[in-house]
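> let's see this in three dimensions:
(chains A and B)
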There are 2 protein chains.
Amino acid sequence: MATSSSPIQPPFISTSISINTTKPQTTNHLITINFNFTSISCSTSRSSRTIINSASKTLQNDTDSSLVETSVNTIRFLAVDAVEKANSGHPGLPMGCAPLGHILFDEVMSYNPKNPYWFNRDRFVLSAGHGCMLHYALLHLAGYDSVKEEDLKSFRQWGSKTPGHPENFVTPGIEVTTGPLGQGIANAVGLALAEKHLASRYNKPGHEIVDHYTYVILGDGCQMEGVSNEACSLAAHWGLGKLIAFYDDNHISIDGDTDIAFTENVDTRFEGLGWHVIWVKNGNSGYDEIREAIEEARSVKDRPSLIKVTTTIGYGSPNKANSYSAHGSALGAKEVEATRKNLGWTHEPFHVPDDVKKHWSRHIYEGRVLETEWDAKFATYENKYKEDATELKVLISGGLPVGWEKALPTYTPENPGDATRNLSQQCLNALAKVLPGLLGGSADLASSNMTLLKMFGDLQKETPEERNIRFGVREHGMGAICNGIAHHTKGLIPYCATFFVFTDYMRPAIRLAALSESRVIYVMTHDSIGLGEDGPTHQPIEHIASFRAMPNILMLRPADGNETAGAYRIAILNTKRPSVLALSRQKLPNLKGTAIVKVEKGGYILSDNSSNNKPDVILIGTGSELEIAVKAGDELRKEGKAVRVVSFVSWELFDEQSDEYKESVLPSGVTARVSIEAGSTFGWEKIVGRKGKAIGIDRFGASAPAGKIYKEFGLTVEAVIGAAKTVC
Amino acid sequence: MATSSSPIQPPFISTSISINTTKPQTTNHLITINFNFTSISCSTSRSSRTIINSASKTLQNDTDSSLVETSVNTIRFLAVDAVEKANSGHPGLPMGCAPLGHILFDEVMSYNPKNPYWFNRDRFVLSAGHGCMLHYALLHLAGYDSVKEEDLKSFRQWGSKTPGHPENFVTPGIEVTTGPLGQGIANAVGLALAEKHLASRYNKPGHEIVDHYTYVILGDGCQMEGVSNEACSLAAHWGLGKLIAFYDDNHISIDGDTDIAFTENVDTRFEGLGWHVIWVKNGNSGYDEIREAIEEARSVKDRPSLIKVTTTIGYGSPNKANSYSAHGSALGAKEVEATRKNLGWTHEPFHVPDDVKKHWSRHIYEGRVLETEWDAKFATYENKYKEDATELKVLISGGLPVGWEKALPTYTPENPGDATRNLSQQCLNALAKVLPGLLGGSADLASSNMTLLKMFGDLQKETPEERNIRFGVREHGMGAICNGIAHHTKGLIPYCATFFVFTDYMRPAIRLAALSESRVIYVMTHDSIGLGEDGPTHQPIEHIASFRAMPNILMLRPADGNETAGAYRIAILNTKRPSVLALSRQKLPNLKGTAIVKVEKGGYILSDNSSNNKPDVILIGTGSELEIAVKAGDELRKEGKAVRVVSFVSWELFDEQSDEYKESVLPSGVTARVSIEAGSTFGWEKIVGRKGKAIGIDRFGASAPAGKIYKEFGLTVEAVIGAAKTVC
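Residues are numbered from 1 along each chain as shown, chains lettered A, B, ... in the order given. So this is what the prediction gives:
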């Protein structure tokens, strides 16, 4: 172990393998002087890593510690200048956390700026996403192409790569989308869990192919949010020793001193959660303390570490430091000037001094080395463990194994009816056999949501290779952790489950999944009043509509076995959007006319006895009410009507079809339309039109046996027939 | 202070005042023997209370401890029998918590069964709402008319007073609606905060008019939910010494042993939060330990107490106790039989033994005494503090002071434009002067949401009489706490605030407000892409639609000063539903044609140059986009068109108008309609019809100055004019 004053260096895997890269031409004194790697082993439970400790010399002499100071001030002023130019943003956090940011990106983390997606990189999450200029400044210094000087200058502008909060889908180098507080730390738990899971599945003795840390900075706001407590409780439960969280303890939030609303003892709470807790009292200039803390955190391998770093928000600003006025708006020209003077910063806005530039330039070279080393290591691994390597490569690339779809079960009307939650379990278990990236679980409702993968055990601290995740009653944490898993490795396909009504608890995480293009599958059972006796607190009403209104998410409500399998097929294939599957608690028959592949159209004709695309009436149903539409159709046909029954399993998918297709299903000339769905009718007017009728529920539910509620609420065959006769 | 073996008795205020009630005829030995109150003073910071310690004798002899045991088993079997009859429900918690339930309702709590709404009652919340048969059984034994034997027998049936989870709007005696985990404990924080607030405002030395405890039982599930951590952090911050929470520590959740997902140290976490923590190791039969713990908790006055009570779920069931199988379904006839045998219970289902009945019957009498005593005490108070008493009476009755509406500000187009968030602050400050029950705050965005009441200070531990609540970054806890405040006293009108997009974080609490008929006002600012640079993580898109789809809630999006004031008027007047006010960050002009009173119609004609209810086109806008509709209307009129401009501030209110009124605003003959709203167009088809056009945003937002986003997204006057020409 290096001494406490040593900086921690990127973990070079080995020095003995030939490196097929070009050394940078700059006379970077750090590299030129010290590129004789001294290997120091830090044994971990699963790996040994090599640390470059040569730079310790550098930091022991005055010149270089002044260079560090210059680098830190560069970070501060890049943030200050960008916020000032945008006249919008959050300078306070970057100014306070610049020392920590410098140490992490310059001394600690392994990454390759020219390939932000290099698989074995350390992950960094800025949970306090409003401070994103810190991250952008660091990416810029480290040499990421995504954040050039012009990008810093267009901070928060239309079309820029530097939006107001970090967006993974806009800026390579950003792992997850943050801003809504508490999400990032929970995402980081997911990233660290994914690492531990994959490491335990794929690493072999002497072949630590999956081996990286997850670092996260969170602030007072993140600490106050319940979702962070949920996720951090799980992080300790899972023993995520390679998760290191920095709590930017600056005592300031938007409303002022945190004393007005936040007086708990965070350290004690985290000890209660089971974390290792370290306090760096001087985060403003205690570089060595920060380094020591990181070393200590890395040495604790059986649980995550929280490093509380006490900083001054807006550090350096003579009149706004340590005040909420440095938090969320530009300092103003006068104060920027005063801050420049105060910190002795004589440079123009956005200027990176040459020595800082030179110093950081080595990361491009070192990053290339790191990745090349890892590639070589992987090649050796692949030689020895062909099958594992192949599987891992598929996971990394995000490809799907050939023929995976064939694993999905198909059904005929002769198959006995079943609840779609049970059919969902059949799909999950079928898919888990062919999709190595499928893993997930429920928020303490596995036996109700039917989400257990029977061939796997529980993913626990000592069995991280398993694929059943037990989230406890923590829907929000579950959702955010799944976002982290999804963004760790393209081929990981997390699913998570609770009662549909409790999507409310995890809505911020679901929205971020949609925004950040996460392929997460939400297995949401007990999807209507059909759950019966638990009553209105447990019965979703407005939820289907609320997801149909949300951008970039698929809301699927399958009606039987084939549609459930079809919904899974869609959910897997849509790599850039999440899917919500609303599933029944109650038994449903397998209907004639359904098929896996039909689901992709969103809406399709299930049965029809009309001709020339001119039915007398179109009956439209989803999920558990499609059966009712079918029965009503049968009755009406007996009375001589030409009836079309349409399954409307996903509005979003239907919307994406061609106009011709849509016209073939819902001809504009046929205004006699009746829909039935055990949920809010909000939005259905679009489908049934003014002359049609939407049968649904525009009140809260009730506690009673399901059949009774259906009847009392008028969700019946008779009601559909009655409505059809009215509109015809 | 009574000795540790003493039971705690209801706090009789005084024995010297004559009691105008009739003593029950039953020969209740507890009362007949011991009705000579021995007063023991327990001084608190604000009050002194008198405790009856006579019953200690009772519990020191064998007969009575056996009676307690019988009472406890009665509670257990009422729960077992009701669940069995319904073949649905949760017997495990009531069986494990029956001893605690007995002590609370028989020995500790002050209440009046014949007036469940008696103001100064102790509040009890079953946060683990699935165990509601515990609460129903206790209400039944205590003599509440809401839970008769037939009600127990119709547990979970259509129209019963005993739904599957506790619903305050169905069952008098239930304070708040619980079931969704974590909500109840947070509601309890709100109830206890309301008590502390009102006590500090209205109590005078020697006149403790507001003086009760709040008790809550929460389970492992509640503990895992983030919302409980948020609320409990605030409870300690506010020093809610009269909040006593019992953590039913039974180590079982639905998925099995809590070890699979919940291994944190809850005690340490709560100590970190600032609570006093007590552990009762034997909650199954340690009656005296429970009593001692409650005494200790009551003696700690500067912070809330968590009493961890270790119990056995399904206690008494030989084969299902201590297992998840006792949690959420009927035991089954065979196991019920075995449990009866095991606990020596020879009675028929639903039987309450005579001695138990007799024992509990005194609560009707005692409750009447308690209330009468309090009435007398209030009369003395009223004599001395007329003004305070009058105000408090208004708060208790829920009435509104005469003429309060006149306080609302009105505006003319000559008034300079302003953001509706600022106009909202003017309303809040105007209303706070005339509505003594208005109090609230923001989740750390007070200066952005503009929610500070300028004439008041911060409601803090030492200044609980103030009315600005600082919730910290805890939206979910905030929402749930406000539900508690709203249900404490009818006249309390809590408001709470954050950015509109973060309603996602508090959606479960908002839904429960809607379901449980809580008058909570959600002040939701930054209501669209109009917030600009913060970007898509902060820009609501689907949120308006998602609330329009939710039952029993008003979604209001005012366009200017008058509409904002009108929205507040509606929010105050709707005592049985919450209101969401979506407010702009950006400046908006005061429009010609708006008026406070017009908001009550939901949609109304702002301007019109047509005749005979036949405009060429109807332009419909809400909030910040009404201005755009107005400008487009002006342009179109210049071109000779007959244009009606409609403000559509609340769909729900418009829906409630007569058909005639609706036809007068949106004549069915006019299909040329264009709507504009900076949010999802989902649902607008209902208003504009197939031939109309809805201008909105069906994608996520972007980070850029607001004006730029409006332009890029096509939310412009030109777009409305273009659309109008298309549809005309």
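> what sits against the residue in the stretch 151-300 of chain A that chain B sits nearest to?
Distance from chain B to each residue of the stretch 151-300 of chain A (CB to the nearest CB) is smallest for residue A:226, at 2.1 Å. Any C-beta I mention is one placed from the backbone N, CA and C, and that applies to glycine too. Residues in contact with residue A:226 (CB atoms under 8 Å, 6 or more residues apart in numbering or on different chains) are A:182, A:476, B:182, B:225-230, B:474, B:476-477.
> grab the nearest non-local neighbour of residue A:478.
Distances taken as CB to CB, 6 or more residues apart in numbering or on different chains place residue A:471 nearest to residue A:478, at 4.0 Å, with adjacent residues excluded.
> what's the spacing between residue A:654 and chain B?
Separation of residue A:654 from chain B (CB to the nearest CB, to the nearest Å): 14 Å.
> show the pLDDT at residue A:256.
On the pLDDT scale, residue A:256 is placed at 89.
> would you list every one of the helices in the stretch 151-300 of chain A?
For the stretch 151-300 of chain A, helices defined by DSSP state H, counting those that start in this stretch occupy the ranges A:183-202, A:220-224, A:226-237, A:266-273, A:287-299.
> reformat those helices as JSON lines; add mean pLDDT and distance to residue B:301.
Supplementary listing: the helices of the stretch 151-300 of chain A in JSON lines, determined by pLDDT from 0 to 100; distance: least, CB to CB, whole Å:
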{"stretch": "helix A:183-202", "mean pLDDT": "98", "distance to residue B:301": "35"}
{"stretch": "helix A:220-224", "mean pLDDT": "98", "distance to residue B:301": "26"}
{"stretch": "helix A:226-237", "mean pLDDT": "98", "distance to residue B:301": "27"}
{"stretch": "helix A:266-273", "mean pLDDT": "98", "distance to residue B:301": "22"}
{"stretch": "helix A:287-299", "mean pLDDT": "97", "distance to residue B:301": "39"}
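> so which of the ones you listed is the most surrounded?
Highest mean neighbour count of the helices of the stretch 151-300 of chain A: helix A:226-237, a mean of 30 (counted as mean count of other CB atoms under 10 Å in any protein chain shown).
> turn the helices of the stretch 151-300 of chain A into JSON lines, including distance to residue B:155.
Formatted as JSON lines, the helices of the stretch 151-300 of chain A follow (distance: least, CB to CB, whole Å):
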{"stretch": "helix A:183-202", "distance to residue B:155": "38"}
{"stretch": "helix A:220-224", "distance to residue B:155": "39"}
{"stretch": "helix A:226-237", "distance to residue B:155": "32"}
{"stretch": "helix A:266-273", "distance to residue B:155": "37"}
{"stretch": "helix A:287-299", "distance to residue B:155": "52"}
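> show me the one of those that comes nearest residue B:418.
In terms of CB to CB, the element of these nearest to residue B:418 is helix A:220-224, at 27.9 Å.
> that closest one close to chain B?
Yes: Helix A:220-224 comes into contact with chain B (CB under 8 Å from any CB of the partner chain), by way of A:220-222, A:224.
> circling back: which non-adjacent residue is nearest the residue of the stretch 151-300 of chain A closest to chain B?
Closest to residue A:226 by CB to CB, 6+ apart is residue B:226, at 2.1 Å.
> over to residue A:254?
residue B:444 (5.0 Å).
> ok, residue A:261 next?
residue B:472 (3.4 Å).
> so the one you found sits against residue A:264, correct?
No: using CB atoms under 8 Å, residue B:472 makes no contact with residue A:264, being 9.9 Å away.
> any idea how far residue A:686 is from the residue nearest to residue A:226?
Residue B:226 sits 36 Å away from residue A:686, going by CB to CB, to the nearest Å.
> got it, and residue A:627?
23 Å.
> the closest residue to residue A:586 other than its chain neighbours: how many residues sit nearby?
The shortest distance from residue A:586 to any non-neighbouring residue, by CB to CB, 6+ apart, is to residue A:530 (4.6 Å). By the measure other CB atoms under 10 Å in any protein chain shown, the count of residues near residue A:530 is 23.
> quick one: contacts for residue A:530?
Residue A:530 neighbours (CB under 8 Å, 6+ apart): A:584-586, A:624, A:678, A:706, A:710.
> residue A:537 now?
Residue A:537 makes contact with A:501, B:129, B:165, B:167, B:177-180, B:512, B:515 under the criterion CB under 8 Å, 6+ apart.
> what of residue A:686?
Neighbours of residue A:686 in contact, by CB under 8 Å, 6+ apart: B:683, B:685-686.
> pipe those residues into TSV and attach secondary structure and pLDDT per row.
As requested, the contacts of residue A:686 are exported to TSV (DSSP: H, G, I helix; E, B strand; the rest coil; pLDDT from 0 to 100):
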residue	secondary structure	pLDDT
B:683	coil	98
B:685	helix	96
B:686	helix	96
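> adding distance to residue A:486, write those out as a markdown table.
Shown next, in a markdown table, are the contacts of residue A:686 (distance: CB to CB, whole Å):
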| residue | distance to residue A:486 |
| --- | --- |
| B:683 | 30 |
| B:685 | 33 |
| B:686 | 35 |
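> what's the closest of those to residue A:717?
For the contacts of residue A:686, the nearest to residue A:717 is residue B:686 (25.9 Å; CB to CB).
> which regions of chain A sit below the pLDDT cut-off?
A:1-63 (pLDDT under 70).
> biggest helix in it by residues?
For chain A, the longest helix by residue count, based on DSSP state H, is helix A:354-384.
> work out for me the element the residue nearest to residue A:415 when sequence neighbours are not counted sits within.
In space, and not counting its chain neighbours, residue A:415 is closest to residue A:590: 4.8 Å by CB to CB, 6+ apart. Using DSSP states H and E, residue A:590 sits within no helix or strand.
> quick one: residues contacting residue A:590.
A:411-418, A:560-562.
> number of residues surrounding the residue in the stretch 1-150 of chain A that chain B sits nearest to?
As assessed by CB to the nearest CB, chain B sits closest to residue A:88 within the stretch 1-150 of chain A, at 4.2 Å. For residue A:88, the count of nearby residues is 21 (other CB under 10 Å).
> over to residue A:671?
Residue A:671 has 16 nearby residues by other CB under 10 Å.
> measure it to chain B for me?
For residue A:671, the distance to chain B - CB to the nearest CB - is 9 Å.
> how about the residues of the stretch 101-250 of chain A that lie near chain B?
In this structure, the stretch 101-250 of chain A approaches chain B at residues A:129, A:156-160, A:163-165, A:167, A:177-182, A:220-222, A:224-230, A:233-234, A:236-237, judged by CB under 8 Å from any CB.
> my guess is residue A:339 meets residue A:316, correct?
Yes: the criterion here is CB under 8 Å, and residue A:339 meets it with residue A:316 at 5.1 Å.
> roughly how far does the residue nearest to residue A:261 sit from residue B:524?
Using CB to CB, which is the criterion applied here, residue B:472 is 18 Å from residue B:524.
> what of residue A:325?
To residue B:524, residue A:325 is 24 Å away according to CB to CB.
> repeat for residue A:673
Per CB to CB, residue A:673 is found 35 Å from residue B:524.
> these two: who's more crowded?
Legend: neighbour count by other CB under 10 Å for residue A:673 and residue B:524, higher for residue B:524 (29 against 24).
> and the helix or strand hosting that one, which strands flank it?
If you go by DSSP H and E, residue B:524 is part of strand B:521-525. Sheet pairing for strand B:521-525, assigned by DSSP bridges, gives strand B:493-499 (parallel), strand B:579-582 (parallel).
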